[in-house]
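Participant: Structural data only, the sequence is not supplied:
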Ligand code: SF4
Ligand code: SF4
């Protein structure tokens, strides 16, 4: 099955709505708790990043018996150096986002730790695509 | 499955309005045949439906006070929320005395048990090596919501028994030591809460509760008011606990008793669910302890209390001021060394959301659910008897409802039928057709 969500930029109060809907779907499917947790964390981080850095975007997903696949696409500023961004503590969050407690620079490493496969492609000035795969069994 | 909750419907009073289905936090209620129906496995006994039902059709099955007569020695263990229910009374002893006046032989405060649990909690927090916050286990409705909606957070729950259970154990041991026979000792919890009725009757974490009956605060309120009036000047010093234990009834009371610094205290079930979502997303890892109470105002806002929770809060402050100046407490020697605080059984997840045992079947049902949902008007009116259009779609997929239950869908179908009828009426038989 597939799902699709639109995410608005700078809507901090509603950030996390899509991941919370996906969590509910996974629980309804009877996916084991620890796997739901992995998806929750990885997807939440990616969704928040989209809100903070990229002025929103779209999320598409596909679930089958073996795995969940999530693609998050934005048309934000892009990431210049993905390797650097993957380092814990590195962050380009705006002052406003940081004030609200977002953007401590743990986003990407955290995402990586909680997904079985993570692919990030980005082009400066064009946007970023994050692909997350988590196996269900 | 046996029904393991205490909230039930008084059918005669129910008008089949949709107030309760819309406010139930776990979507456990439907309206069928003009009456509300509780889906037993989903109910967490939060009592929200009791609070919102204007027809007073939702109730909690508490024990009748007469139950105490079945025992030789009758002991009340009142929840501290009882103390705030009486106007103008700032001396806890007068309230405890009233319990004696209405038939109990002894009164042991749950606030005392709360102080003991506080000490154990402190130790647990100190030794905790998990990076995620510990979630308090004091509110049984919260524990149930974790079991059914946040099973990933089960390992975060503080694995200690509640003050009520500890008080029960301590009390029974005390009377056994005094030479009473087990079957002669009756321990009765005076409760603000439906969830605590349930977990005394059907304990899930221990073999057997030491509480023999649960009496609701509102059921004995009237006789207590009378007793307090009658005995305004004659009372014994029955208080055992300090203000610390008493404050457990209010939001933030537990964490302030244990002097936890790095905590989040949240009350109101919707707020609790939001915080649990955050913990699940790893967003609260810098917090040590999370105190969650299902009722707004904590147990002071319990569904079986009488007083408004905000008024109660103000009164609790007055009580605590009074007892700062009158700190004398009774000295009973309880044997506490052998008291066990640990759960006897693990907390298990309850998969009430699951669409199917088999994951590929579940995926099929989920797709079907989405397809049906897209057809529905998405206005969540509740007229179909399900709380939202999403919930109706779910009910249809699980074969507990039909799409025609939605009045908009029914109208659409009737409209199509009418069009077809007009079309048919216009067709003439060949025999008279020119
Ligand atoms: S007690 Fe709470 S969970 Fe149970 S039916 Fe009422 S509102 Fe729903
Ligand atoms: S907050 Fe207190 S009264 Fe309300 S459900 Fe929880 S334990 Fe019961």
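Facilitator: Sure, I can see it. Remember, it's a predicted structure, so these values are computed and weren't measured experimentally. Ligands and ions are numbered 1, 2, ... in the order given.
Participant: C-alpha from now on. contacts and neighbour counts both.
Facilitator: OK.
Participant: Might you list the low-confidence residue ranges for the stretch 151-300 of chain B?
Facilitator: For the stretch 151-300 of chain B, no stretch is flagged by pLDDT under 70.
Participant: Tell me how many other residues surround the residue of it found nearest ligand 1.
Facilitator: Nearest residue of the stretch 151-300 of chain B to ligand 1 (CA to the nearest ligand atom) works out as residue B:194 at 7.7 Å. Using other CA atoms under 10 Å in any protein chain shown, residue B:194 is surrounded by 27 other residues.
Participant: Residue B:204 versus that one, what's the distance?
Facilitator: To residue B:204, residue B:194 is 15 Å away according to CA to CA, to the nearest Å.
Participant: Give me the distance from stretch B:36-53 to the chain's centre.
Facilitator: Between the centre of stretch B:36-53 and the centre of its chain there are 9 Å (CA atoms, centre = their mean, to the nearest Å).
Participant: Is it in proximity to ligand 2?
Facilitator: Yes - on the criterion CA under 6 Å from any ligand atom, stretch B:36-53 is in touch with ligand 2 at residue B:46.
Participant: How far does that stretch stretch from one end to the other?
Facilitator: Stretch B:36-53 has an end-to-end distance of 11 Å (criterion: CA to CA).
Participant: so who does the residue lying closest to residue A:66 once chain neighbours are set aside touch?
Facilitator: Once flanking residues are discounted, residue A:66 sits nearest to residue A:136: 5.3 Å by CA to CA, 6 or more residues apart in numbering or on different chains. Shown in contact with residue A:136 (CA atoms under 8 Å, 6 or more residues apart in numbering or on different chains): A:31, A:32, A:35, A:65, A:66, A:67, A:68.
Participant: how near is residue A:136 to ligand 1?
Facilitator: Separation of residue A:136 from ligand 1 (CA to the nearest ligand atom, to the nearest Å): 30 Å.
Participant: Could you find the closest non-adjacent residue to the residue nearest the centre of chain B?
Facilitator: Central residue of chain B (CA atoms, centre = their mean): residue B:46, 3.2 Å from the mean position. Distance criterion CA to CA, 6+ apart; nearest residue to residue B:46, sequence neighbours excluded, is residue B:141 at 5.4 Å.
Participant: count of residues packed around the one you found?
Facilitator: 26.
Participant: Could you do residue B:99 as well?
Facilitator: Applying other CA under 10 Å, we find 24 residues neighbouring residue B:99.
Participant: Can you name the next helix or strand after the host helix or strand of it?
Facilitator: Applying DSSP states H and E as the criterion places residue B:99 in helix B:92-101. Later in the chain than helix B:92-101, the nearest helix or strand by DSSP H and E is strand B:106-107.
Participant: Which neighbouring elements make contact with the helix holding residue B:99?
Facilitator: If you count contacts as 3 or more CA pairs under 8 Å, 6 or more residues apart in numbering or on different chains; DSSP states H and E, helix B:92-101 packs onto strand B:106-107, helix B:217-230.
Participant: Make JSON lines out of these and add mean neighbour count.
Facilitator: Below are the helices and strands packed on helix B:92-101 laid out as JSON lines (neighbours: other CA atoms under 10 Å in any protein chain shown):
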{"stretch": "strand B:106-107", "mean neighbour count": "20"}
{"stretch": "helix B:217-230", "mean neighbour count": "16"}
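Participant: So which of the ones you listed is nearest residue B:87?
Facilitator: helix B:217-230 (9.2 Å; CA to CA).
Participant: what helices or strands is the closest one leaning on?
Facilitator: Under the contact rule (3+ CA pairs under 8 Å, 6+ apart), helix B:217-230 is packed against helix B:92-101.
Participant: List the contacts of the helix holding residue B:99.
Facilitator: Looking at helix B:92-101 with CA under 8 Å, 6+ apart, the contacting residues turn out to be B:76, B:83, B:89, B:106-107, B:224-225, B:227-228, B:231-232, B:235-239, B:319.
Participant: now the residue nearest to the centre of chain B, what's its secondary structure?
Facilitator: Under the three-state scheme (DSSP: H, G, I helix; E, B strand; the rest coil), residue B:46 adopts coil.
Participant: Near chain B, which residues of chain A? Just list them.
Facilitator: A:1, A:20, A:25, A:27-31, A:33-34, A:36-37, A:40-41, A:44, A:63-65 (CA under 8 Å from any CA of the partner chain).
Participant: any weak-confidence spans in chain A?
Facilitator: A:88-106.
Participant: list the helices and strands the longest helix along it packs on?
Facilitator: When chain A is parsed with DSSP state H, its longest helix is helix A:33-53. Judged by 3+ CA pairs under 8 Å, 6+ apart, helix A:33-53 is in contact with strand A:2-8, helix A:17-29, strand A:56-63, strand A:67-74, helix A:107-113, strand A:127-135, helix B:269-280.
Participant: Could you tell me which residues within it count as buried?
Facilitator: For helix A:33-53, burial by neighbour count (16 or more other CA atoms under 10 Å in any protein chain shown) applies to A:33, A:35-53.
Participant: do the same with stretch B:311-319
Facilitator: B:312, B:313, B:315, B:316, B:318, B:319.
Participant: just those residues now: which is nearest chain A?
Facilitator: residue B:313 (29.8 Å; CA to the nearest CA).
Participant: Quick check: that closest one vs residue A:108, distance?
Facilitator: Per CA to CA, residue B:313 is found 44 Å from residue A:108.
Participant: Can you flag which of the buried residues of stretch B:311-319 belong to strands?
Facilitator: Among the buried residues of stretch B:311-319, no member falls in strands (DSSP state E).
Participant: Which one of those residues is nearest to ligand 1?
Facilitator: Closest to ligand 1, out of all of these and judged by CA to the nearest ligand atom, is residue B:312, at 22.0 Å.
Participant: How about the contacts made by the nearest residue to that closest one once chain neighbours are set aside?
Facilitator: Leaving aside its chain neighbours, residue B:312 sits nearest to residue B:84 (5.1 Å; criterion: CA to CA, 6+ apart). For residue B:84, the contacting residues are B:300, B:307, B:312, B:313, B:315, B:316, by CA under 8 Å, 6+ apart.
Participant: quick one: the third one and residue B:300 touch, right?
Facilitator: Yes - taking CA atoms under 8 Å as the contact criterion, residue B:312 and residue B:300 are neighbours in contact, 6.3 Å apart.
Participant: ok so, going back, can I get the buried residues of stretch B:311-319 in TSV including pLDDT?
Facilitator: Shown next, in TSV, are these (pLDDT from 0 to 100):
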residue	pLDDT
B:312	97
B:313	96
B:315	96
B:316	95
B:318	95
B:319	95
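Participant: pLDDT wise, what is residue B:378 at?
Facilitator: pLDDT for residue B:378: 94.
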